[in-house]
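Trainee: The following block contains a protein sequence and its predicted model.
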Amino acid sequence: MKNTVGDFQSPTFLVRYTSFVQFPYTVKRSERARSLRLSVLPGGNVVLTAPVFFPEAHIQEFLQKHSSWIEKNTQKMRSVSVLPVSGRRAYLAHREKARAFIHERLVYWNQFYRFTYGRVSIKNTKRLWGSCSRKGNLNFSYALLFLAHELAEYVVVHELCHLKEHNHGAEFWKLVEKTIPEYRKRRTQLRSIQLG
């Protein structure tokens, strides 16, 4: 999470939210914030964004009120890692290498499917590893270049199969399973990684 002009980062506090459990959190005061916003980052770090002059006592009450949500999501996000690459500079530096890699893998995997696809775009996406449009155009994150090879392969096959099945129904997963029998394992592994 990036600070904006006029923001300042407070120290990390240790706050008790039940009789037995404590968790660290960081308050980010922002002149642009109009209300409290709570987020849990990869690794389980809790960040609360608040208006500059919002009373500390009300922040404490807000955290206590949402303690169950915080506990649930910190446990979930502790297992999530972030790829050590992000930003436009990295995208421009690696885009063409990613394009060559993805085109090569599309050709390889499509020999098993024989699907027709349109434009292939390499993008600097923040959330999606890949996508497939109704027109048959394929989009991929350049960051596939930095995934474990078997996970990048899974993303390519996943999007190829969307050319025939534009959903995640049983027929779609049968198509994926045709070339990646252990797709469930790879899908789980991919969910534990976030784009930077």
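Mentor: Cool, got the structure. Nothing here was measured: the structure is a model prediction, and the numbers come from that model.
Trainee: part of a helix, is V176?
Mentor: Yes: according to DSSP: H, G, I helix; E, B strand; the rest coil, V176 belongs to a helix.
Trainee: That one contacts V157, doesn't it?
Mentor: Yes: contact criterion CB atoms under 8 Å: V176 and V157 qualify, at 5.9 Å. Quick note: C-beta positions are derived from backbone N, CA and C, even for glycine.
Trainee: who's more crowded, those two?
Mentor: It is V157, of V176 and V157, that has more neighbours when counted by other CB atoms under 10 Å, with 26 against 21.
Trainee: Quick check, pLDDT for that one.
Mentor: We note a pLDDT of 98 for V157 in this prediction.
Trainee: Let me know the helix or strand that it is in.
Mentor: helix 149-161 (DSSP states H and E).
Trainee: Which residues does that helix contact?
Mentor: For helix 149-161, contacts defined as CB atoms under 8 Å, 6 or more residues apart in numbering pick out 101-102, 105-106, 109-110, 113, 115, 117, 129-132, 138-140, 144-145, 147, 172, 175-176, 179-180, 183, 186-187, 189-190, 193.
Trainee: and the residues you listed, which are buried?
Mentor: 101-102, 105-106, 109-110, 113, 117, 129-132, 138-140, 144-145, 147, 172, 175-176, 179-180, 183, 186-187, 190, 193 (16 or more other CB atoms under 10 Å).
Trainee: So which of those residues are in helices?
Mentor: Judged by DSSP state H, helices contain the following of the buried ones among the contacts of helix 149-161: 101-102, 105-106, 109-110, 172, 175-176, 179, 183, 186-187, 190.
Trainee: Among these, which one lies nearest to L63?
Mentor: Distance to L63 across these (CB to CB) is lowest for L190, with 31.5 Å.
Trainee: My understanding was that that closest one contacts G130; is that so?
Mentor: No: contact criterion CB under 8 Å: L190 and G130 do not qualify, at 10.6 Å.
Trainee: ok, back up a step: return the two entries of the ones in helices among the buried ones among the contacts of helix 149-161 that lie farthest from one another.
Mentor: Among those, F101 and F172 lie farthest apart (CB to CB), at 24.2 Å.
Trainee: low-scoring stretches of the chain, by residue?
Mentor: Counting by pLDDT under 70, the chain has low-confidence residues at 1-22, 42-43, 77-86, 196.
Trainee: Pull the residues that contact the strand or helix carrying R95.
Mentor: Secondary structure from DSSP H and E places R95 in helix 88-110. With CB under 8 Å, 6+ apart as the test, helix 88-110 has contacts from 85, 117, 120, 122, 124, 138, 140, 142-145, 152-153, 156-157, 160, 179.
Trainee: Which other helices and strands does the next helix or strand after it contact?
Mentor: Next helix or strand after helix 88-110 toward the C-terminus (DSSP H and E): strand 120-123. Contacts defined by 3 or more CB pairs under 8 Å, 6 or more residues apart in numbering; DSSP states H and E place strand 120-123 against helix 88-110, strand 138-141.
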